[in-house]
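Visitor: Pasting the sequence and the predicted coordinates here, then a few questions.
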Amino acid sequence: MKYLCLVYLDAAHWSACSDAVCAEYAQQLAGSRRLLAADALHGTHTATTVRVRNGETTLFDGPFAETKEMLAGFYLVDAKDLNEAIQIAAGIPPAQYGSIEVRPVRELQVEPG
């Protein structure tokens, strides 16, 4: 089953974990065939939020919600169950400085056309 591990960090810890350490962990997961994708994100000052209401598109600088911890990156993993996904998330290096949200990925339910 696929799980998305969302990495959240506050501004004080945004660069606390080096890219090399994160890349090394990603390579370990890839070697075990559990990593499907992973990437780091630029800071929230580079974000643009898009909203569409009544057919009109509005753009906002930054993230939609003001929070202490910001989305810093993600790991999309293949795990046998939630327990294994949690074990993988606990090994993600930035977990020492922020938090990792683990969420199962669901398939879209589309009727055959």
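Guide: Good, I have the coordinates.
Visitor: going forward, measure contacts between C-alpha atoms and count neighbours the same way
Guide: Noted.
Visitor: is it true that residue 14 touches residue 71?
Guide: No. Residue 14 lies out of contact with residue 71 (CA atoms under 8 Å); the separation is 9.8 Å.
Visitor: For the residue nearest to residue 59 when sequence neighbours are not counted, I want the exact helix or strand it lies within.
Guide: Excluding the flanking residues, the one nearest residue 59 by CA to CA, 6 or more residues apart in numbering is residue 50, at 4.8 Å. Taking DSSP states H and E as the criterion, the element that holds residue 50 is strand 48-53.
Visitor: what is the mean pLDDT for whichever helix or strand comes after that strand?
Guide: Counting by DSSP H and E, the next helix or strand C-terminal to strand 48-53 is strand 56-61. For strand 56-61, mean pLDDT rounds to 91.
Visitor: Now do strand 56-61: which elements does it pack against?
Guide: strand 48-53 (3 or more CA pairs under 8 Å, 6 or more residues apart in numbering; DSSP states H and E).
Visitor: Given the strand it packs on, what are its sheet partners and their directions?
Guide: strand 56-61 (antiparallel) (DSSP bridges).
Visitor: Tell me the buried residues in the helix ranked longest in the chain?
Guide: Longest helix in the chain, counting residues (DSSP state H): helix 19-31. Neighbour counts using 16 or more other CA atoms under 10 Å place 22, 25-26, 29 of helix 19-31 among the buried residues.
Visitor: I'd like the distance from it to the chain centre, please.
Guide: Taking CA atoms, centre = their mean, to the nearest Å, one finds helix 19-31 lying 15 Å from the centre of the chain it belongs to.
Visitor: Would you mind identifying the next helix or strand past that helix?
Guide: Counting by DSSP H and E, what follows helix 19-31 is strand 35-40.
Visitor: still on that earlier bit, ok, the residue nearest to residue 59 - how many residues close by?
Guide: Residue 50: 12 surrounding residues under other CA atoms under 10 Å.
Visitor: can you check residue 17 too?
Guide: 14.
Visitor: oh, and call the first residue 780 from now on, that's how I've got it
Guide: With the count now opening at 780, the last piece we talked about shows up as residue 796.
Visitor: Nothing else from me, thank you.
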